[in-house]
Structure formats: C-alpha cells, structure tokens
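**Student:** here are the coordinates; sequence isn't available:
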RNA sequence: CGGGGCGUAGCACAGCCUGGUAGUGCGCUCGGUUUGGGACCGAGAGGUCGGAGGUUCGAAUCCUCUCGCCCCGACCA
C-alpha cells in the first residue's frame, strides 16, 4: 500500500473536544471521525485494526467450538416484550416504527434472538452443549456517550451464548469462554484482570468482568495484592475492624441537636458522636412495573455514618423486597425532599429508623449488632443516642450495601496477615455471565433431558466490545509521539520511509525494499509521499506502526538503512541487503510474543 | 435528566464586553529555493460566523427561542 494514495488524514494538533488519550490519538492519527455524539466513522486504518481484532476473536471463539451466526440489528418489539426487556431497557433502546405502525427496535444485545432460535430448534439434551456467537453492531442510546470509542451509541460486539442441559455443563462452557477471553486479550496486547462483577440488568447468578487498568475507565476495581482477590466495587467486599460499643444497655434517649444536618455536623456537635458511631438513614424509592402498571415503594436504608452507599448493591437489595407477585423493579432513586417529609415527618438530616414500621428498612451488614449508636429522631433538630440496632430498630433485611474503600482489609485473605485492598480505575473490555434460566424461562426454551422430562436450557452469555479493545490497546500503548500499536492490532506491521524521494538512490532502495516486503507477505505501508523527513517520521510515530525502515542518503552511502522499533524506540543500522530479512524476523518474533507459538 | 462550557475556513483559535469592510497560525493550491525529526520566500483558494426570530440605519457582536457538541454528575451488560 502506498501512503501517497492511502487515506490517512493526520492532524498536527489535538482536536479540542477529545479528552482521553485514545480519543485524541484515534482522531489525530486519522483512524476515526465523529458523525454524531457517540457515533463514529471508521476510516481505512481503523477498519484494518478492527478487522484484525475481530479475527482474533473469531479464531478464539472457533477454537472453543463456537459457531458463528449473524442476526439482524433490527428487531420486532414482540421479541423484547416476551422477555420483559422492552420496558426494562427504557430510553436506552433506540425504537422505531415501520410503515404499518409496528414497533421495532435496534438491537442492544441478542439474548432474545438467540434464545428464540434455541427454543424453536433445540429439543433434546443430545444436541447440547451449543456454543453460538456473532460479531454484530449494537445500538444503545447511552445517556452520556463519552471518551471517543470507549462509550458509544453504536458499536460492534462479539456476543456469545451457550446452552447446556445442567449447571455442570454451564460451568464447563463458562470456563471455556473464560479461557478464550484470556487468549483474546493477551493476543491483542492488553494487560487485564478478571474481577467478580455485579450481574446488573442481565440477571443470572455469576459474572466476571475483564478489566484493563486505566484512568480512562469508568469502573473501580478493588484488588488484593496478597491473594489476588479482585472485584468491581459494585460488588467488592472488605473486612473492617470491629468498633467497640461498650455494654450499651442504656435506653435510647432523644436530645436536641439544633441545626445539625450532616454526619459532619453531628461529629462536631457537643454531645454528638464519631462518624463510625452514627447511623446514616437514607430514604430511597424503588420503582417497579407489572405490565403497564407502575408502583413506587419507598424504603429506608441504614449505613454507618462514615460509609458510602453503593448504588448497585442497594438496587439488588431493594429488588429483593420488590420483585414479587409479578412486579419487576426498574429503578431505584433517592426520595425527593417532599416525599421524605411526608413519609418520615422530618427532613433529611434528622431521619432515623427507630420506631419505623410503615417502611421497609434495609440495613448494611456493618451495622449488625451495633449498640450505643446515634441517629436521627425523625423530629427535626433532634437525634437519639444509645440506640442498639437489634433492640430498637425493626430491620426488614440485612444486606451488604457499602462501597469498599482503599486500605480496608481483603475479604478473602486468611491468617494473621490480611491483605490491604487497593482501589483503582479500570475499563471493562468484556463481561461473561452465567445466566441460568432467566431467558429460557421467560421465553419457554426447554428441551427433554435423559429422563424424558422437559427442562429449561441453562444459558451463559459472553460479550466483548470490539472497538473498545482497539481503544484500550491505544490507552495502554502510547507515548508523547503517538500510538505504539501491538503488532496484532496494528493496521500495518511496518512502514517504509524514504526520507528524501528526490534522491534517486534513496527512492530506488525504498522501492526495492517495499516490493520485497510485499512479496514476502508482510503488511507494509510505503510512505512514498514527497514530504520532508520530519513529516514522515512524525506521521509514522503518530500512527504507531510497530516497525519502520528509514532510508536516507547519509546512511545509504555506507550501504545501510535504519530499522526502528516503535515500542522500544530503539533504532539500529542494518545493511540494505539484510533489511527485509531482519524485518521479517522481528515481525515474526513480535507476533509470536503475543499470539504464542501456534 | 441536573450542573458547567463551547459552536467563527479542513484543524486550533482571536474578534463579541463597548454593533460599523470577518482575522491569525497550521493545513490546502501554484511558482521558486530547500531536503534525516512537522522548512523558507512569493502568489492564491477557501466563511449561510450552528439555525430561526427580534432590536437597530447597520448584528459574528445585543435580546429571545432553538439545534448540536464536550466535560462533571445521575444513568449504564
């Protein structure tokens, strides 16, 4: 490929609306352009990279028995109504009508499509397991697209689904996918960790996220350097020191606390309490639906004063109260000020759970057994002290609700020396779920088992964002000059840069090397533009081709050219006659380092 | 959805407060010189100033509405 005729619109300056590194570099290096918020056009270089990532994924899926499908991006509403997700997905789903007024949506994911085929055509345990996947465009009308390719409204996803007859089969399928995912990330040059994750709207029993540590990420991962425990903070737990409460036999006592509104206020108030001896009381509302009916269920949440509520955990706990009699929780939100006063008879800042019976009370595990606590009295400007939780408060449900904090103890470590948790930002590059029977139940996907009995299919689902892998690779591999592409993902493996096209000998040598590399099957880009050396070198560095062969008049007089490794930034002089062979070797080595020897 | 910011040439921006011929740098085209880390000289092309309405003799500039984009939060397989 000749650069002079290849479309690579590089930019000298950072576009003003790009914030994260990968976004800036994708734009500057001429890989993408934005069409609308969260919607991007992939230019030729990006398309080459995306195809490479897709092929790595395809190879690894096929290696674990995956069969590639291709489902439509446009789905009839009925399919989603059946699974109950037509309403659950809310405004995140792009919806449209056909000419007859029929409802359709653009697919956010494809559980329904795959399950539909499965229920119509899988009849017997003898056909199982099945491992199905596709690489397809997904549409999600995200509330806030951001960070270039990291959160978009249209993207490519590899989604895989497994169907097994029993839990043991699912465990096996899940493990195979997990291993395939590890291979995929390794081959794409991504350092990753596998973490325990919340299943969220997907439902199901267990899930693992594949995370890449980067500040461009949107998730927080808590990890233990000692035992390797790692979990999304939406799910992570920790062990914390026990607080000494004394004997706590005294009866609860109301006392005036004028103008005390916050935990902080009460710490500083004469006769107040330390944060870890306070109970924080928060009113939330669970919103649920059944068919077209909606229902609000307010509830009270209790945490230790110095702890922060975790929304994902809270939502799960609330769902436990609400999801019954056909109701499904669709959201949990903080109660409005008026709602709080109507329910509690006091304003936020003076709330408490003592004596509360008309609202469900969900309490954080860290409060279990605590005594001598201070909390709001449900009378403005008054608090209660000497509160013993189990004696004075009617707790509907105990649950782990708090967000773990860096420096707390690891929940998994045993023995006298417990690891200390680290919390760091990470980007989710893949998520695998044990779904169980969530969709096979709602959509009636059943097969006969060996006893001739009809049982629901046991499902797993497994997703990877293809473009997000590209962006993550750039987040991880770049320097001030530009991208340092892992060779497996790079649009071209090597660029040949004659530094002066007007010098006949330079041009002839470059022509020769280019043609030999091409003949040898190397993915080579020939920078035959009549540009100055600085422009060519800067562009090659910016786009981040793994290797460069630089051909200039000075070194050519000694019969040498320069071989440059973009990742290590090492240059070495090599004889013209050996340049092609050295390039081939280095490319092979680099490929093997990532792909392993096949 | 709440908060903040920004829309002026392909890119980055100035001009707006205080209304009066639409500018600068880079990029682009042509000619010449130059050629190992984003050259130099000269001559050019390129603009519905996001859109609509209003005020005014006159609006990029003031007012109203509106659309879009970015960031923080909420939200989010």
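**Tutor:** Looks like it arrived, so ask away. Values in this document were obtained by computation on a predicted structure and should not be read as measured data.

**Student:** give me the number of residues near the closest residue to residue A:311 other than its chain neighbours?
**Tutor:** Distances taken as C-beta to C-beta, 6 or more residues apart in numbering place residue A:332 nearest to residue A:311, at 7.3 Å, with adjacent residues excluded. C-beta coordinates here come from the backbone N, C-alpha and C atoms, glycine included. Per other C-beta atoms under 10 Å, the neighbour tally for residue A:332 reads 22.

**Student:** Give me the mean pLDDT for the host helix or strand of residue A:181.
**Tutor:** Here residue A:181 is covered by helix A:167-187, with elements defined by DSSP states H and E. Per-residue pLDDT values over helix A:167-187 give a mean of 96.

**Student:** The helix or strand just after it and RNA strand B, any residue contact?
**Tutor:** Tracing the chain C-terminally past helix A:167-187 and defining elements by DSSP H and E, one meets strand A:193-196 next. No. No part of strand A:193-196 sits near RNA strand B under the criterion C-beta under 7 Å from any atom of the strand; the closest distance found is 12.7 Å.

**Student:** and strand A:193-196, what does it pack onto?
**Tutor:** In this structure, strand A:193-196 packs against strand A:206-213, strand A:219-223, strand A:230-232, with contacts taken as 3 or more C-beta pairs under 8 Å, 6 or more residues apart in numbering; DSSP states H and E.

**Student:** Leaving out sequence neighbours, find the closest residue to residue A:543.
**Tutor:** Spatial nearest neighbour of residue A:543, chain neighbours left out: residue A:29 (4.5 Å); criterion: C-beta to C-beta, 6+ apart.

**Student:** what's around residue A:13, how many residues?
**Tutor:** 7.

**Student:** Next one, pLDDT for it please.
**Tutor:** Value listed for residue A:13 in the pLDDT field: 90.

**Student:** got the contact list for the residue nearest to it when sequence neighbours are not counted?
**Tutor:** Closest residue to residue A:13 apart from its sequence neighbours, by C-beta to C-beta, 6+ apart: residue A:28 at 7.9 Å. Contacts were defined as C-beta atoms under 8 Å, 6 or more residues apart in numbering; by that measure residue A:28 touches A:10, A:11, A:12, A:13, A:14, A:15, A:482, A:542.

**Student:** Let me see the backbone angles for the closest residue to RNA strand B within the stretch 301-450 of chain A.
**Tutor:** The nearest approach of the stretch 301-450 of chain A to RNA strand B comes at residue A:311, 4.5 Å away (C-beta to the nearest atom of the strand). Dihedral angles of residue A:311 (phi, psi; degrees, to the nearest 10) stand at phi -60, psi -40.

**Student:** you'd agree it is up against residue A:331?
**Tutor:** No. Counting by C-beta atoms under 8 Å, residue A:311 does not reach residue A:331; the two are 10.6 Å apart.

**Student:** Burial check on residue A:485, number of neighbours?
**Tutor:** Each residue near residue A:485 was counted by other C-beta under 10 Å, and the total is 27.

**Student:** Just give me the residue closest to the centre of chain A.
**Tutor:** Nearest to the geometric centre of chain A sits residue A:428, at 2.4 Å (C-alpha atoms, centre = their mean).

**Student:** Check which element follows the helix or strand it falls within along the chain.
**Tutor:** Secondary structure here is read from DSSP H and E; on that basis residue A:428 sits in strand A:422-436. Per DSSP H and E, the first helix or strand lying C-terminal to strand A:422-436 is helix A:438-443.

**Student:** What is that next one packed up against?
**Tutor:** Contacts of helix A:438-443 with other secondary structure elements, assessed using 3+ C-beta pairs under 8 Å, 6+ apart, are made with helix A:77-83, helix A:111-121, strand A:458-465.

**Student:** Return the most buried member of the ones you listed.
**Tutor:** Using mean count of other C-beta atoms under 10 Å, the stretch among those with the greatest mean number of neighbours is strand A:458-465 (a mean of 25).

**Student:** near RNA strand B at all, stretch A:143-152?
**Tutor:** Yes. Legend: contact between stretch A:143-152 and RNA strand B by C-beta under 7 Å from any atom of the strand is shown at A:143, A:144, A:145, A:146, A:147, A:151.

**Student:** Most neighbours among the residues you listed, which one is it?
**Tutor:** Neighbour count (other C-beta under 10 Å) singles out residue A:147 as the most crowded of the residues of stretch A:143-152 next to RNA strand B, with 21 neighbours.

**Student:** Next, give phi and psi for the residue nearest to residue A:13.
**Tutor:** The phi and psi torsions at residue A:28 (degrees, to the nearest 10) take the values phi -60, psi -40.

**Student:** quick one: it from RNA strand B, how far?
**Tutor:** For residue A:28, the distance to RNA strand B under the criterion C-beta to the nearest atom of the strand, to the nearest Å works out to 7 Å.

**Student:** same question, residue A:4
**Tutor:** Distance check for residue A:4 against RNA strand B: by C-beta to the nearest atom of the strand, it reads 11 Å.

**Student:** ditto for residue A:491
**Tutor:** Going from residue A:491 to RNA strand B by C-beta to the nearest atom of the strand gives 17 Å.

**Student:** Surely that residue is in a strand?
**Tutor:** No. Counting by DSSP: H, G, I helix; E, B strand; the rest coil, residue A:491 is not found in a strand; it is coil.

**Student:** That one contacts residue A:53, doesn't it?
**Tutor:** No. Taking C-beta under 8 Å as the definition, residue A:491 is not a contact partner of residue A:53, at 11.2 Å.

**Student:** Stretch A:77-91: end-to-end distance?
**Tutor:** 14 Å (C-alpha to C-alpha, to the nearest Å).

**Student:** In strands, which of the contacts of residue A:28 appear?
**Tutor:** Taking DSSP state E, the ones among these that sit in strands are residue A:482.

**Student:** How many neighbouring residues does the residue of chain A found nearest RNA strand B have?
**Tutor:** Among the residues of chain A, residue A:552 lies nearest to RNA strand B; the distance is 1.7 Å by C-beta to the nearest atom of the strand. Here the neighbour count serves as a burial measure; for residue A:552 (other C-beta under 10 Å) it reads 18.

**Student:** Setting aside sequence neighbours, what's the nearest residue to it?
**Tutor:** The nearest residue in space to residue A:552 (C-beta to C-beta, 6+ apart) is residue A:499, at 4.1 Å.

**Student:** number of nearby residues for that neighbour?
**Tutor:** Using other C-beta under 10 Å, residue A:499 has 23 other residues around it.

**Student:** Make TSV out of the helices and strands packed on strand A:193-196 and add distance to RNA strand B.
**Tutor:** As requested, these are exported to TSV (distance: least, C-beta to the nearest atom of the strand, whole Å):
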stretch	distance to RNA strand B
strand A:206-213	8
strand A:219-223	7
strand A:230-232	10
